[in-house]
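Undergrad: Got a sequence here, can you model it:
(one chain, ligands or ions: 1)
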Amino acid sequence: MNAQALMETARALVAGDKGLLAMDESNPTCDRRFARAGIPQTVEARRAYRELILTTGGLGDCINGAILYDETIRQHKKDGTSFVKILLDAGVIPGIKVDIGAQDLAGHPGEKITEGLDGLRDRLKDYFQMGARFAKWRAVITMADGLPSWGCIEANAHALARYAVLCQEVGLVPIVEPEVLMDGDQSLEQRRVATERVLQRVFAQLHAQGAMLEGMILKPNMALSGLACATQASADEVAEATVNCLLRVVPAAVPGIAFLSGGQSGELASARLSAMNLRFKASGSRPPWALAFSFARAIQQPAIEIWAGKEANREAAQQALLHRARCNVAARRGEYSAATEAAAA
Ligand code: 13P
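TA: Numbering: from 1, shown residues only. Sure thing, here's the model as predicted:
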């Protein structure tokens, strides 16, 4: 393990006011999103869409790293240039999703465990050879009556920690992603408590497995009101709950926290991230870690809908993608507002 290189890559992933673009939807997830937008669910459509994203001019001014999927990291532009080279030429660090998805957790009805540890060391070495310098593993935690269970939290935290140390062994910065899903009617406070409990166990396991905290990025959910909760918290309330939760459980050695969007609209995700950064800025202080983004849907959704699989819509889709990416750069500065939406549109 080259500790210095890992630390430098981790810091580079959250440097400046930029963030990460998650474009690592598995084929079934990508196909589901394509089906909703009337796009054919084919290898070529997925390739063309990823080419559209990667050739968006100016994207490198907004993102430091892009998370690819196994199919995508092996693909090329129409002219033969590899996607990895396009990223490197744009100054964007290539990353790769390495979990193989969530399965039912035995003995725990309604809960999931993320799979993919078997053979992971060799797969990570291959991805490093292909040019990846960071990786991602997503654990999924469901909230419902009596859930999440202790067993589910511990099993997922353990898998995340084992994945993280394997990544560091081969020189990849692990993005550690425990996602407490938004579904449910729980209050903001109930969800803050659950998120804190999950993160506390994730860091306990990272310590137990010997992960180097300086060479990783945390990718958590924001603490939000459940989607079905009658009272939806404001951006400021979300910011306060999320930041307080993170301050209690995320060591300052971690260089960056890059949120997932989890199904929030692009506008809400930007507003909430901005409110978090503004809290620190307004008090003249700085958070111990960069508060950044690693959104998929909250950056890509408008672009998919506008593209709709048609070449004629390509440029408009790229503009929509860039717009959302720029809104999130503004959010990192704590400067996102309705005016940002209007100005960049
Ligand atoms: P969303 O931003 O759409 O939640 O996706 C982030 C991600 O990488 C999911 O694993």
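Undergrad: chain center to the lowest-mean-pLDDT helix or strand in the chain: distance?
TA: Within the chain, no helix or strand scores below helix 338-344, which has a mean of 86 by mean pLDDT, DSSP states H and E. Distance of helix 338-344 from the chain centroid (Cα atoms, centre = their mean, to the nearest Å) equals 24 Å.
Undergrad: Does anything pack onto it? Which helices or strands?
TA: Contacting helix 338-344 under the criterion 3 or more Cβ pairs under 8 Å, 6 or more residues apart in numbering; DSSP states H and E are the following elements: helix 314-332. Yep, even glycine has a C-beta here, placed from its N, CA and C like the rest.
Undergrad: and the helix it packs on with the ligand, contact?
TA: No: judged by Cβ under 6 Å from any ligand atom, helix 314-332 and the ligand are separated, with a smallest distance of 10.8 Å.
Undergrad: tell me what that helix is packed against?
TA: strand 19-22, helix 43-54, helix 266-282, strand 290-295, helix 297-307, helix 338-344.
Undergrad: Which of these has the lowest mean pLDDT?
TA: In terms of average pLDDT, helix 338-344 trails the rest of these, at a mean of 86.
Undergrad: Can you tell me what sits against that helix?
TA: The contact list for helix 338-344 (Cβ atoms under 8 Å, 6 or more residues apart in numbering) reads 267, 270, 322-323, 326-327, 330.
Undergrad: so what's residue 239 up against?
TA: Residue 239 neighbours (Cβ under 8 Å, 6+ apart): 272, 275-276, 278-279.
Undergrad: Swap in 6 Å and give it another go.
TA: 275-276, 279 (Cβ atoms under 6 Å, 6 or more residues apart in numbering).
Undergrad: With residue 249 instead?
TA: Per Cβ under 6 Å, 6+ apart, neighbours of residue 249: 196, 199-200.
Undergrad: Could you list the low-pLDDT ranges of the stretch 151-300 of the chain?
TA: Filtered on pLDDT under 70, the stretch 151-300 of the chain yields no residues whatsoever.
Undergrad: residue ranges of the strands in it, please?
TA: 173-180, 217-218, 256-259, 290-295 (DSSP state E, counting those that start in this stretch).
Undergrad: What parts of the stretch 1-150 of the chain come near the ligand?
TA: 22, 138.
Undergrad: Give me the nearest residue to the residue in the stretch 1-150 of the chain that the ligand sits nearest to, chain neighbours excluded.
TA: The ligand sits closest to residue 22 of the stretch 1-150 of the chain, with a gap of 3.4 Å, by Cβ to the nearest ligand atom. Leaving out its chain neighbours, the residue that sits closest to residue 22 by Cβ to Cβ, 6 or more residues apart in numbering is residue 296, at 3.8 Å.
Undergrad: Over to residue 276?
TA: Nearest residue to residue 276 in three dimensions, chain neighbours excluded: residue 239, at 4.3 Å (Cβ to Cβ, 6+ apart).
Undergrad: how close does the one you found get to residue 74?
TA: 39 Å (Cβ to Cβ, to the nearest Å).
Undergrad: Many thanks, I have nothing further to ask.
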